[in-house]
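J.: need a structure here:
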Amino acid sequence: MPRNPIKKCDSSWEDRYGTTASGNLPRYKITECVESVVDLPAVWSGGATWVRYTDFHYYHLKCPYSTESDLHYVRNIDRNDPNFWEYETLNSGSLAAHTATNAMMIRYVRGSKYGWLCVDPNCPYFVSTGMRYFQR
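T.: Alright, predicted model coming up:
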């Protein structure tokens, strides 16, 4: 299999995954190339100029603030709330389409915390707080 991620998009299914197209593969491997889904100039115009295609991966959950995601749970961040450690369901009014990233988050390390960061400029969390949504 080619090591260059761009050549990976041009290779055949058998070369990419080592099996036939009818093989039973995990859902995250049956996707198109990141370059055809992510609009990197739109991400850069949103202020994340340090993001590259290699930061995106398919094997993780999508941003819970996106309409493309199936899971819309977020951690309660109010320390005074008795349900601080509980996950809360987002209402449909706080969701938006993530057109630049197709709701995919990038792998990100924040100090000693490893997790996922949403870099879409249309993310409602980013629009309302000015900070990127980070999930670990």
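J.: pLDDT score for residue 24?
T.: Confidence at residue 24, expressed as pLDDT, is 57.
J.: domain ranges for this protein, per the record?
T.: What automatic domain parsing lists as the domains of the chain is 1-30, 33-135.
J.: return the most buried member of the ones you listed.
T.: With neighbours taken as mean count of other CB atoms under 10 Å, those reach their highest mean count in domain 33-135, at a mean of 15. Yep, even glycine has a C-beta here, placed from its N, CA and C like the rest.
J.: ok now that one, how far from the chain's centre?
T.: Here domain 33-135 is found 6 Å from its chain centre; the criterion is CA atoms, centre = their mean, to the nearest Å.
J.: and that domain, average pLDDT?
T.: 84.
J.: and the end-to-end length of that domain?
T.: Length of domain 33-135, first residue to last, CA to CA, to the nearest Å: 24 Å.
J.: just the helices in this structure please.
T.: Under the criterion DSSP state H, helices of the chain are mapped to 5-10, 13-17, 40-45, 124-129.
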